[in-house]
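> for reference, the sequence and a predicted model appear below.
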There are 2 protein chains.
Amino acid sequence: MADADEPVPPGTKRVIADAVRSALAAHGYADLTTSKVAAECPKSEAFLFYHYDTKDELVAAFLESSTGWIEGELAGVEADSATAELLAVCDRLVPDPDDPEGAGVAIAIMELLSHAPYNDTLREPLRTHQVHVHDTVAGIVREGIAAGEFREVDPDATAAFVIAAAEGSTGSGLALDRPEAVAHVRERLRDYVSSRVVADGARPG
Amino acid sequence: MADADEPVPPGTKRVIADAVRSALAAHGYADLTTSKVAAECPKSEAFLFYHYDTKDELVAAFLESSTGWIEGELAGVEADSATAELLAVCDRLVPDPDDPEGAGVAIAIMELLSHAPYNDTLREPLRTHQVHVHDTVAGIVREGIAAGEFREVDPDATAAFVIAAAEGSTGSGLALDRPEAVAHVRERLRDYVSSRVVADGARPG
């Protein structure tokens, strides 16, 4: 049984979150079990149960640990301008059909989102994750405007639209194995940023 | 037990599809049962089982019956130009947070899409539905180009992008109760169509 008084050590949390990620990518959420998470984990199922009572608590721990993924993705990007940074974020937000684990995670997150209205354990971590992605994208848009690189667009509206387009490719493209739809979204999203967000005269990075 | 040799009469199919729609909107897919479908239906659960063996066959019947929804939605639209028609489709594709049944259906379809990679019964009807929506939007774009109303955009890329943006608002907006995100997507999508699809000089309808 999980001991709520004892915080999970960060290293352990990381190992468990990675196992949940792999298990979600392989099986989706409906068929996820703690034993499937344990199968992806160097720790035993008993160890998982020691820290987390239920499958949903494991998933919530994964979502909490994934809040910083967008920063992690961007850390490797040579972004010397807000334009380059926003284009890089767009490329990262559109899932890559040739990366089975990434595609599986995107489809599983879509599944988790569909449970948000009915599931109290998942709703808040999902909301935190989504609001964090939103704020990160809106922040880049604000920087671009301040730097004179971007038009005077509404940062929140632009972020909401960019994220919806990118994430929307998961259902209509990825889940139905229509990689051409994903490629189209990726290309049109870059065009959108270059033509409707970047100011005339500023060069796309 | 369902009798595969006996086709389901169209009127019966319609009644059952409507019941599946209401049950999906209220409960989502994971918690859907044939008795929940029967509760939304003037017919008994035994009647449902006479025609359909499983919950997934009921859902597949709903998806098959919903292929024409976009035409139904457009039938009431006074669209005297490809521009007006495309803007009306965009408005219809972005789910309305103030319509609980429509919002519930959009979230349930997102959930069904997340099962597509794992579920053979659902995959093909979902694909047919999604390809039909794609072809309808791409067809409107082709008409607009032929009529000189639209730029020489790629109809398939434009359709994929518009559909992804609209459907993407379901996860990040609707499921997490962030109606402002949905409103942003709706407004930016109209702006996209008006500025990147409609030709300079052609008036948005």
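Arrived safely.
> is it true that residue A:173 touches residue A:185?
Yes. Using C-beta atoms under 8 Å, residue A:173 is in contact with residue A:185, at 6.6 Å. To be clear about C-beta, it is placed using only N, CA and C from the backbone, and glycine gets the same treatment.
> quick one: common contacting residues for those two?
By C-beta atoms under 8 Å, 6 or more residues apart in numbering or on different chains, residue A:173 and residue A:185 have these common neighbours: B:160, B:164.
> pull out the buried residues from the helix or strand bottoming out on mean pLDDT in chain A.
Across the helices and strands of chain A, mean confidence by mean pLDDT, DSSP states H and E is lowest for helix A:69-75: a mean of 73. Residues of helix A:69-75 classed as buried by neighbour count (16 or more other C-beta atoms under 10 Å in any protein chain shown): residue A:70.
> same for the helix or strand that that helix is followed by, what does it pack against?
The C-terminal neighbour of helix A:69-75 among helices and strands, as given by DSSP states H and E, is helix A:82-93. Where contact means 3 or more C-beta pairs under 8 Å, 6 or more residues apart in numbering or on different chains; DSSP states H and E, helix A:82-93 is packed against helix A:69-75, helix A:120-146, helix A:155-169, helix A:179-192.
> the second one versus helix B:179-192: what angle between them?
So the one you mean is helix A:120-146. Taking axes from the mean of the first three to the mean of the last three C-alpha atoms, to 10 degrees, one finds helix A:120-146 and helix B:179-192 inclined to each other by 40 degrees.
> which elements pack onto helix A:120-146?
When contacts are defined as 3+ C-beta pairs under 8 Å, 6+ apart, helix A:120-146 sits against helix A:55-65, helix A:69-75, helix A:82-93, helix A:100-115, helix A:155-169.
> at 6 Å what do you get?
helix A:55-65, helix A:82-93, helix A:100-115, helix A:155-169 (3 or more C-beta pairs under 6 Å, 6 or more residues apart in numbering or on different chains; DSSP states H and E).
> can you redo the ones you listed as CSV with mean pLDDT?
Listed next are those as CSV, based on pLDDT from 0 to 100:
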stretch, mean pLDDT
helix A:55-65, 94
helix A:82-93, 93
helix A:100-115, 96
helix A:155-169, 98
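> just give the closest residue to residue A:19, not the sequence neighbours.
residue A:41 (3.5 Å; C-beta to C-beta, 6 or more residues apart in numbering or on different chains).
> what do you get for residue A:38?
The shortest distance from residue A:38 to any non-neighbouring residue, by C-beta to C-beta, 6+ apart, is to residue A:45 (3.9 Å).
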